[in-house]
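Chemist: Next come a sequence and a model predicted from it.
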Amino acid sequence: MNPAKLVVEFIGTFFLVFTIGQTVIGPNDAGALAPLAIGAALMVMIYAGGHISGAHYNPAVTLAVALRGKCPWADVPGYMIAQVLGAVAAAVITLIVKGDNPIYPAPGHEYSVVAKLLVEFLFTFALCYVVLNVATSKGTSGNPFYGLAIGFTVVTGAFAVGGVSGGAFNPAVAVGVTVNKLSAVANIWIFLVGDFAGAVAAAFVWKFTHTGLGEE
């Protein structure tokens, strides 16, 4: 079993479930647009991870692919465990971000600095992870979908956590919205720290998952 496949399955399932939680649970849920955000999350993670693990992100899909003969049975338990762990981690972080009583929040609910920093980190990680996989990897070289995947990663992030942090996922955007007085100057460090940290984490994960694939 290649551990890179398990990491990819964990990440893909994590962002699928995290997007579900963030767009369905109030406050700042996506309302009628939640299905679009959820579908977009699955789409971009399939584009990003398909060339490594097959991008199942679903134990039922793993079972079906194994019965089809396209996934070794020895890999099935690891895939399923990674997927369930990704789902649980996403659910826990969603509850951390949304607060102790996410269904009926107090009026004027304000997200904590930790929540804002966390979601900026996570979706900048997701954005850079998708960029590195669809626009710089040999396994997806020459693909016609990289722009769609990258753009819809931002769409997903905006729906999922835009109401938490503002959804910059980009230090340059953070500077721009601050100059436009859409965000307080005192908050710019949240974007800078979260976004650069997400980028660094994505680069390390990309290198780990592409070890042995002949990429530098």
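Modeler: Sure, I can see it.

Chemist: which residues of the protein score low on pLDDT?
Modeler: 100-108, 214-216 (pLDDT under 70).

Chemist: all helices for it, in order.
Modeler: With DSSP state H as the criterion, the chain has helices at 3-24, 34-53, 59-68, 76-98, 113-135, 146-165, 171-179, 188-209.

Chemist: would CSV of those helices with mean neighbour count be doable?
Modeler: Any C-beta I mention is one placed from the backbone N, CA and C, and that applies to glycine too. Below are the helices of the chain laid out as CSV (neighbours: other CB atoms under 10 Å):
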stretch, mean neighbour count
helix 3-24, 23
helix 34-53, 21
helix 59-68, 15
helix 76-98, 18
helix 113-135, 22
helix 146-165, 21
helix 171-179, 16
helix 188-209, 18
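
Chemist: show me what contacts residue 78?
Modeler: Contact analysis of residue 78 by CB atoms under 8 Å, 6 or more residues apart in numbering lists 1, 5, 6.

Chemist: And it, how close does it get to residue 48?
Modeler: From residue 78 across to residue 48, the span is 19 Å (CB to CB, to the nearest Å).

Chemist: Ok, residue 99 next?
Modeler: Between residue 99 and residue 48 the distance is 30 Å, computed by CB to CB.

Chemist: quick one: contacts for residue 54?
Modeler: By CB under 8 Å, 6+ apart, residue 54 lies in contact with 5, 65, 70, 71.

Chemist: Tell me how far it lies from residue 38.
Modeler: Separation of residue 54 from residue 38 (CB to CB) stands at 20 Å.

Chemist: And for residue 25, the neighbour number?
Modeler: By other CB atoms under 10 Å, 19 other residues sit near residue 25.

Chemist: how near is it to residue 97?
Modeler: From residue 25 across to residue 97, the span is 9 Å (CB to CB).

Chemist: And for residue 148?
Modeler: Using CB to CB, residue 148 is found at 27 Å from residue 97.

Chemist: Likewise for residue 114?
Modeler: Using CB to CB, we find residue 114 at a distance of 9 Å from residue 97.

Chemist: What of residue 121?
Modeler: Residue 121 is 12 Å from residue 97, by CB to CB.

Chemist: Ok, residue 91 next?
Modeler: From residue 91 to residue 97 the distance is 11 Å (CB to CB).

Chemist: likewise residue 27?
Modeler: From residue 27 across to residue 97, the span is 11 Å (CB to CB).
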